[in-house]
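K.L.:
I'll drop the sequence and a predicted model, then ask my questions.
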Amino acid sequence: MKNIYHRDIVEILLECGREGHRVKNIARRIYNRHVDLFVSDINYEEIRNSVGRYLWEQSRRNESPFCRTRYGTYAMKPDFAIQLDLFLDNAIRSEIRKEQAKPVPNPHHVQLELFNF
């Protein structure tokens with residue numbers, strides 16, 4: 001089962017650490033991320049039910065990145081958080097390598113091409 005708020009849930013649970021967050025707090029933070037002055041058609045109760053059901057189902061699976069810490073409280077499994085950190089570190093390193101490999105433009109050689117006939 002995939003949830004449209006999966007990425008938001010992962011980000012929120014990574015921020016909170018091992019203690020985890022209650023479902024209502026996760027849903028509130030997701031609601032605040034997606035609702036603004038121009039988008040107000042999202043219902044908080046739908047988000048809360050969707051997040052609660054998703055985390056409950058996922059926490060029962062062994063391969064899931066989520067675990068239940070207390071009643072209604074969920075957190076990221078520590079081993080998954082470590083794997084994600086390693087993955088992100090590698091991704092950041094590869095981005096830095098790409099940036100360093102780009103040729104640096106010479107600031108003394110500026111060519112204006114305003115009018116091309």
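P.N.:
Now that the structure is in, tell me what you want to look at. Everything numeric in this text was worked out from a predicted model, so none of it was measured.

K.L.:
from residue 46, how far off is residue 35?
P.N.:
12 Å (Cβ to Cβ, to the nearest Å). C-beta here means a position set from N, CA and C on the backbone, and glycine is covered the same way.

K.L.:
settle it for me: which of those two has more neighbours?
P.N.:
residue 35 (15 against 11; other Cβ atoms under 10 Å).

K.L.:
do I have it right that the more buried one meets residue 47?
P.N.:
No: applying Cβ atoms under 8 Å, one finds residue 35 not in contact with residue 47, separated by 9.5 Å.

K.L.:
ranges for the helices of this protein?
P.N.:
Here the chain has its helices, by DSSP state H, at 6-16, 23-34, 44-59, 78-101.

K.L.:
for the nearest residue to residue 50 once chain neighbours are set aside, give me the pLDDT.
P.N.:
Computed as Cβ to Cβ, 6 or more residues apart in numbering, the closest residue to residue 50 that is not its neighbour in sequence is residue 3, at 6.2 Å. pLDDT for residue 3: 79.

K.L.:
do residue 58 as well
P.N.:
87.

K.L.:
measure how buried it is and give me the count.
P.N.:
Counted with other Cβ under 10 Å, residue 58 comes out at 19.

K.L.:
from what I see, it and residue 67 are in contact.
P.N.:
No: with contacts counted by Cβ under 8 Å, residue 58 stays clear of residue 67, the gap being 9.1 Å.

K.L.:
buried stuff in stretch 38-48?
P.N.:
47, 48 (16 or more other Cβ atoms under 10 Å).

K.L.:
any idea how far apart the tips of that stretch sit?
P.N.:
21 Å (Cα to Cα, to the nearest Å).

K.L.:
now do stretch 9-26
P.N.:
7 Å.

K.L.:
identify the residues contacting that stretch?
P.N.:
3, 29-30, 48, 51-52, 54-55, 65-66, 69-70, 72-76, 78, 81, 84 (Cβ atoms under 8 Å, 6 or more residues apart in numbering).

K.L.:
what is the mean pLDDT for that stretch?
P.N.:
86.

K.L.:
what's the ChimeraX line that selects buried ones from the contacts of stretch 9-26?
P.N.:
Buried residues among the contacts of stretch 9-26 (16+ other Cβ under 10 Å), as a ChimeraX selection:
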select :29,30,48,51,52,54,55,65,66,73,74,75,76,81
